[in-house]
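Novice: quick one, what's the 3D model for this:
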Amino acid sequence: MRLGVLDVGSNSAHLKVVEVDVGRPHRTVATVKHPTRLAEATGADGTVEPAAIGRLTEAIRGSIGAAARHDVDELIAFATSAVRDAANRDEIVARVTASTGLRLGFLTGRDEARLTFLAARAWYGWSAGGLLLADIGGGSLEIAHGDGQEPTTALSLPLGAGRLTREHLPGDPPSPKRVRRLRRLVRRRLTEATGELAARLAARRDDPQPMRPLATSRTFTQLARLTGAPKHKAGPYARRVLDRERLRAQIPVLARTDYAGRAKLPGISRARAPQILAGAIVAEAVMTIFDIEQLEICPWALREGVVIRRLQAMADPADADDETARLTQSILRLPAQRDRSPVVPLHRCSPRPVLSVSHGRSDLV
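Specialist: Residues are numbered from 1 along each chain as shown. Modelled structure (predicted):
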């Protein structure tokens, strides 16, 4: 079967189309991105501007069209914190549904952390040992840790690069005083939320199989490139790391450089230039609190985690209820375009995949 995963974030709606078969690794068929720029269009009260809602609607309509052109059987669509935490979320969802026929679902922050961890475990395998994973999004920071397939700790903190830029770094560039205040704020909030976990990991530093620190997300990837990691064209198997000392050296550079200048730096895109300073501040704080000298960049992240969950359900539909990930998503079934293997339903009692949605825990059923 062919599966589409549509991730609606603060900067873009990113569609990933994959061919999936039970017992085989999924194969990427296409990736399509449409700009949304929700982060820059969110006011101080958390309301997304009407023009940005229009961009979002067009992006989702374009993604549905791309999914149909690529013969997608199922389109799984979800929004992360940019829509989930918006003050006018209900209005956004209603406009998207009325215009496209797709009811946009949501992932909780903990869902994001768990699924991203699942993807990292699949990429590195059991030989990697314990994993500590960090993911900086537009609205939130996810941290997950564990020795197994599922994390034992999964946290989501309101420390996303877009959110912090909007709330704490006005100006292009911001004043040095604002930057210093934000660095202190991020350190304090991270210490309060993760101090106990950091202490536990520090106590295990001399274990025979130490914890492996990893990072995902475009923010971490661009920061790694800024500090000397291989370019994107080197491919997913090129090893990329973010070095703490090199990152620290770049923070003053980012702080005194305007958005246009940042976009000319190695690896920094125009879309992320406004928020890359806040992302660098969060990344440096994570590495300091957990005493990490280098973070390895994992090529797989949230979208791959959703694909893996679906494959798990296909492999054993009888267990695809309470044992499946807690998700809030929408699944849109698209008309068949060509002959392919039949779709295995996600739930043994359902003729086609459906989802139960709640504002707290939600099961993919």
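Novice: all helices of the stretch 101-250 of the chain, in order?
Specialist: Secondary structure of the stretch 101-250 of the chain (DSSP state H, counting those that start in this stretch): helices at 109-124, 161-168, 176-203, 218-226, 244-256.
Novice: mind putting the ones you listed in JSON lines, mean neighbour count included?
Specialist: C-beta: built from backbone N, CA, C; applies to glycine. Shown next, in JSON lines, are these (neighbours: other C-beta atoms under 10 Å):
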{"stretch": "helix 109-124", "mean neighbour count": "24"}
{"stretch": "helix 161-168", "mean neighbour count": "23"}
{"stretch": "helix 176-203", "mean neighbour count": "15"}
{"stretch": "helix 218-226", "mean neighbour count": "24"}
{"stretch": "helix 244-256", "mean neighbour count": "16"}
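Novice: those helices into a markdown table, with extra columns for mean pLDDT and distance to Arg61?
Specialist: Output for the helices of the stretch 101-250 of the chain, formatted as a markdown table (pLDDT from 0 to 100; distance: least, C-beta to C-beta, whole Å):
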| stretch | mean pLDDT | distance to Arg61 |
| --- | --- | --- |
| helix 109-124 | 94 | 24 |
| helix 161-168 | 94 | 23 |
| helix 176-203 | 95 | 37 |
| helix 218-226 | 97 | 23 |
| helix 244-256 | 98 | 35 |
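Novice: what's the local residue count around Arg69?
Specialist: 12 (other C-beta atoms under 10 Å).
Novice: ok, now which ones touch it?
Specialist: If you count contacts by C-beta atoms under 8 Å, 6 or more residues apart in numbering, Arg69 has none.
Novice: tell me, what's the model's pLDDT at the residue nearest to Leu38 when sequence neighbours are not counted?
Specialist: In space, and not counting its chain neighbours, Leu38 is closest to Ala82: 4.4 Å by C-beta to C-beta, 6 or more residues apart in numbering. On pLDDT, Ala82 comes in at 86.
Novice: doesn't Ile60 belong to a helix?
Specialist: Yes - using DSSP: H, G, I helix; E, B strand; the rest coil, the assignment for Ile60 is a helix.
Novice: tell me how far the nearest residue to it once chain neighbours are set aside lies from Gly125.
Specialist: Spatial nearest neighbour of Ile60, chain neighbours left out: Thr100 (5.2 Å); criterion: C-beta to C-beta, 6+ apart. The gap separating Thr100 from Gly125 is 38 Å, by C-beta to C-beta, to the nearest Å.
Novice: more neighbours, these two?
Specialist: Taking other C-beta under 10 Å, Thr100 and Gly125 do not tie; Thr100 has more neighbours (21 against 8).
Novice: tell me who's in contact with the more buried one.
Specialist: Thr100 makes contact with 57, 60-61, 64, according to C-beta under 8 Å, 6+ apart.
Novice: show me what contacts the closest residue to Gln149 other than its chain neighbours?
Specialist: Computed as C-beta to C-beta, 6+ apart, the closest residue to Gln149 that is not its neighbour in sequence is Arg121, at 5.4 Å. Arg121 sits next to 128, 131, 148-149 when contact means C-beta under 8 Å, 6+ apart.
Novice: give me the nearest residue to Tyr259, chain neighbours excluded.
Specialist: Excluding its sequence neighbours, the residue lying closest to Tyr259 (C-beta to C-beta, 6+ apart) is Ala273, at 4.6 Å.
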